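**Q** What follows is a predicted structure for the sequence shown.
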Amino acid sequence: MNGKIFRVTRWKRINITRLSFRKFGPVLLGFILLSFKVSAQQDSIRAGIVLSGGGAKGMAHLGVLKVLEEQGIYPRYLTGTSIGAIVGAYYAAGYSPEEILAVFKGMNFEDLLQDQVPRRFLPLYLKKTGRNHFFYFPVDKKNFGIHLPGGLTNYQMFYNRLFRDLFHVQYLSSFDSLPVKIRFYATDLINGKVYEFHRGSLIQAVVASSAFPSVVAPQKIHGKLLTDGGVLNNYPVDEVYRLGATYAIGVDIQGRLYYEDEIKGVPDVLNQITSFYMYEEMPEKIRKTDWYIRPDVTDFSVMDFQHIDTIYRLGVRAALQDSTKISFLKSVIKEDKPIKLRPWRPDSLRFSFIKINCDDRIDEAQVLWQTNFSPMKKISFREFEDGINYLYGTGKYKQIHYWIEPDSTLVLELVRNSTDLRFKFAYQYSPLYKINLLAGLTLRDFYRDKGMLDVEVIFGDPMRYNVNFMIDNGYHFGFGLKSSLHQFVRNVSYPLFFDDVPSPSFNRMDLNFSRFKNGIYFLTMLSTNFNMTIGADIGRYAVYTTVFSGPDDNRKFFLVKDYYFSGYLDLYYDDLDDFYFPTHGVLINFTSTYSQNTAEKSLREGFYNLNFKIKGYRRHTGHFSTSYTFRGGILTHNSDALPFRYFLGGLAHNNVLENLIPFFSRDYIDIKTSSYLMITPQIQKAVQNHYFQLGGQVAAVEEEGPVRFHTLKPYYNVYLRYGLKSFFGPLFITYAFEPNTKKQYVNFTVGFFF
């Protein structure tokens, strides 16, 4: 019985199991398979992020990255174009979104775009005179035709900044070796195709991808001419999938096509034309994007870097709007936070080899002289940067790309400046020279790839010119020839020049000054900001007035009409950060000049001018800086040499006539002396490109008399000045007041000094 019962019971159990499986098996199996599928999807989801181009609007990328990190979402794949490549490079190199934001806030984008090399790396003649043109045009030497340059900037200063910040990842055998795998894209200008960067110099990839057309000159890399990747692929979403991502987060900061009433000029037309292809494919790319983020930055321009914080916050807001996507990604992405790199750069460098590549013939020895690099020589990182800057400051190369390979080989890729001949143009107004226009030609590599010929003609009343030929050998002695004609006409005080003649019915007279001078000089660089020059000149000086008779040559009254020979030694140290509006640094200039009238027979009749100028600027907290200027000059025993005496007055920013000394509370050429000392303390506040200065001048001036240095007369004033730095040149408005004499003077100048 028990066995029977056992058999029946067993049969029933088997039967029930079979029945249950037949009825519920498919459902159970489907549930199990679905569970495996969901689990497989969870394991296979790999987030990638696409960062589009858009200039300053790219600060929204940082806001999105910040939100993702706060939610524990770390994209392992990244593709970017233009500003997306810049942000992506910093992010993949280990910088946090906040650190990248701080980097951008610390950049002076105007200086980077103007590509002005720091002053201490300029050749001597440029450092002394400052920039004197607001634009230049390349000239075709075959037919002397003038054409526009490839861009307003060569991006060299930006490349240097990237090398400093991304030194630890500046050269990679594969971009996949980074914790975040990256790809950046540029446009090949020759074949019209997209160029992908996946290995080599990360910095080259960034500058090529972000070389905005017409603003940044095309970059020559790997034998190709590359420009902004946004021209052909400003939103590389397909590429992030090919890189390995299975879930794409896209941040779109692109603009839109203009409406008819928004097209105002040529820039708008060009932007519209280049944008057709860019926006045509966007609907399909948006469909392929799993999480599409569109920050509300349309009203900002690509150059609105002054609104960095606002754009950043808009990126944060846009990322937080879709909480569903954030929750989903947090639930399906199980990857740990990637190990971030720690940005670093060494204190010193030593290269086992130095490889110099150039697209044209080059004197490698001269490059090493100018940079002061050599194999196995230990140099500081600062000295390395100085060498690169000085090489760029020569003007011979429009592109200097460099990196250090794993075997400590320094590679310099140089692109010669094909615009050897350049036409420059500028304007100027000042009370001394009135309205002037400068037209000039600069020819580089004039002699054995070392010479520079600079010819400037200044159209005004009267006309002037400057010609300078120079061979700059860096730390070795160079050689130069120069010629100039400098003239001006100024209404001056009659007693200033005829103090021993009874004054007629007038108190003012016209004064005509003319100096035609030719000279030879030798120069050397003692350091990147310390130069020495030894030279000799012969010049014809003419100082006359027509107030007594008339303008005819034979009726001019000449105060001076003589030839003078001069020899001089000039020591010049200058590390000021700017020529027109310095905020920090020191300038020390000492010049000793021996001069003699060529009609004199004895060397005893010669005389000396000893001049010195010391400027010290210090930047304080915020935008404030203080400065002190000490200057003085002494003319030795021959005080009758009128062209070599000192004349105080006006805003005499002039490095051509060293004896015109600025004294703001007087008109030009208002005080005459054979020696003087002056101190000028000043405080300055800078607000972007606006400068507000408050200061005073105290001068001790030697009075005329039979005994030298017997009487020193004091002069002092207080002044208030407004300055504006612009692409078209500086503007100065100066008001000065003398408390003791109640004299006051307002001075206005605009344009570069020349």
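**A** That came in fine, so what should we check first?

**Q** Test of understanding: give the bridge partners of D574.
**A** Taking DSSP bridges, one finds L587 as the beta-bridge partners of D574.

**Q** residue boundaries of the strands in the stretch 651-754 of the chain?
**A** For the stretch 651-754 of the chain, applying DSSP state E, counting those that start in this stretch gives strands covering 660-661, 671-673, 675-687, 690-702, 712-724, 731-737, 744-751.

**Q** now the fifth one: mean pLDDT?
**A** By that I understand strand 712-724. When the per-residue pLDDT values of strand 712-724 are averaged, the result is 95.

**Q** residue ranges for the strands of the stretch 351-500 of the chain, please.
**A** Applying DSSP E, counting those that start in this stretch to the stretch 351-500 of the chain gives strands spanning 353-358, 379-380, 397-404, 409-416, 421-430, 434-444, 451-459, 464-471, 478-493.

**Q** roughly how far apart are the closest residue to V231 other than its chain neighbours and N531?
**A** The shortest distance from V231 to any residue other than its chain neighbours is 4.3 Å, reached at T187 (C-beta to C-beta, 6 or more residues apart in numbering). Glycine gets a C-beta too; all of them are placed from N, C-alpha and C. The gap separating T187 from N531 is 42 Å, by C-beta to C-beta, to the nearest Å.

**Q** out of the two, which sits in the more crowded spot?
**A** T187 (25 against 21; other C-beta atoms under 10 Å).

**Q** Against L571, how distant is that one?
**A** As it turns out, when the distance is counted by C-beta to C-beta, T187 lies 50 Å from L571.

**Q** Y564 now?
**A** Taken as C-beta to C-beta, the spacing of Y564 relative to L571 amounts to 22 Å.

**Q** Looking at the two, which is more packed in?
**A** Y564 (23 against 15).

**Q** Phi, psi for the more buried one please.
**A** phi -130, psi 140 (degrees, to the nearest 10).

**Q** Just list whatever residues bridge to it.
**A** Counting by DSSP bridges, Y564 is bridged to G539, N597.

**Q** Pretty sure it sits against P643.
**A** Yes - because the distance of 7.3 Å satisfies C-beta atoms under 8 Å, Y564 is recorded as touching P643.

**Q** any shared contact partners between the two?
**A** When contacts are counted by C-beta atoms under 8 Å, 6 or more residues apart in numbering, Y564 and P643 are jointly contacted by Y541.

**Q** Tell me how many other residues crowd the closest residue to G633 other than its chain neighbours.
**A** Counting by C-beta to C-beta, 6+ apart, G633 lies nearest to N611, which is 4.5 Å off, once chain neighbours are set aside. The burial count assigned to N611 is 20, neighbours taken as other C-beta under 10 Å.

**Q** again with G696
**A** 17.

**Q** Could you do Q71 as well?
**A** Using other C-beta under 10 Å, the number of residues around Q71 comes to 16.

**Q** OK, contacts around the closest residue in space to I733 that isn't next to it in sequence?
**A** If you skip the residues right next to it in sequence, I733 has Y722 as its closest partner in space, 4.8 Å away by C-beta to C-beta, 6+ apart. With contacts defined as C-beta under 8 Å, 6+ apart, the neighbours of Y722 are H690, Y691, F692, Q693, F732, I733.

**Q** what's the distance between Y722 and A736?
**A** Noted for Y722: a distance of 13 Å to A736, by C-beta to C-beta.

**Q** Do me a favour and get the end-to-end distance for stretch 341-354?
**A** Stretch 341-354 has an end-to-end distance of 28 Å (criterion: C-alpha to C-alpha, to the nearest Å).

**Q** Can you give me the buried ones in it?
**A** Burial within stretch 341-354, assessed by neighbour count using 16 or more other C-beta atoms under 10 Å, is assigned to P343, L349, F351, I354.

**Q** What average pLDDT does stretch 307-314 get?
**A** When the per-residue pLDDT values of stretch 307-314 are averaged, the result is 95.

**Q** now stretch 102-121
**A** Regarding stretch 102-121, the rounded mean pLDDT is 80.

**Q** can you check stretch 389-408 too?
**A** Per-residue confidence for stretch 389-408 averages out to 90 on the pLDDT scale.

**Q** pull the CA atoms of it into CSV?
**A** These are the backbone C-alpha positions of stretch 389-408, laid out as CSV (Å, rounded to 0.1, in the frame of the first residue of the first chain):
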residue,chain,number,x,y,z
ASN,A,389,59.7,83.5,-27.2
TYR,A,390,62.9,85.1,-28.4
LEU,A,391,62.9,82.9,-31.5
TYR,A,392,59.4,83.9,-32.3
GLY,A,393,60.2,87.6,-31.5
THR,A,394,62.7,87.6,-34.4
GLY,A,395,59.7,87.5,-36.8
LYS,A,396,61.3,84.9,-39.0
TYR,A,397,58.7,82.2,-38.1
LYS,A,398,55.0,82.4,-38.2
GLN,A,399,54.6,79.0,-36.4
ILE,A,400,56.9,77.3,-33.9
HIS,A,401,55.5,74.0,-32.7
TYR,A,402,57.5,71.9,-30.3
TRP,A,403,57.3,68.9,-28.0
ILE,A,404,59.5,66.5,-26.1
GLU,A,405,59.5,62.9,-27.1
PRO,A,406,59.8,60.0,-24.6
ASP,A,407,63.6,59.7,-25.3
SER,A,408,64.0,63.3,-24.2
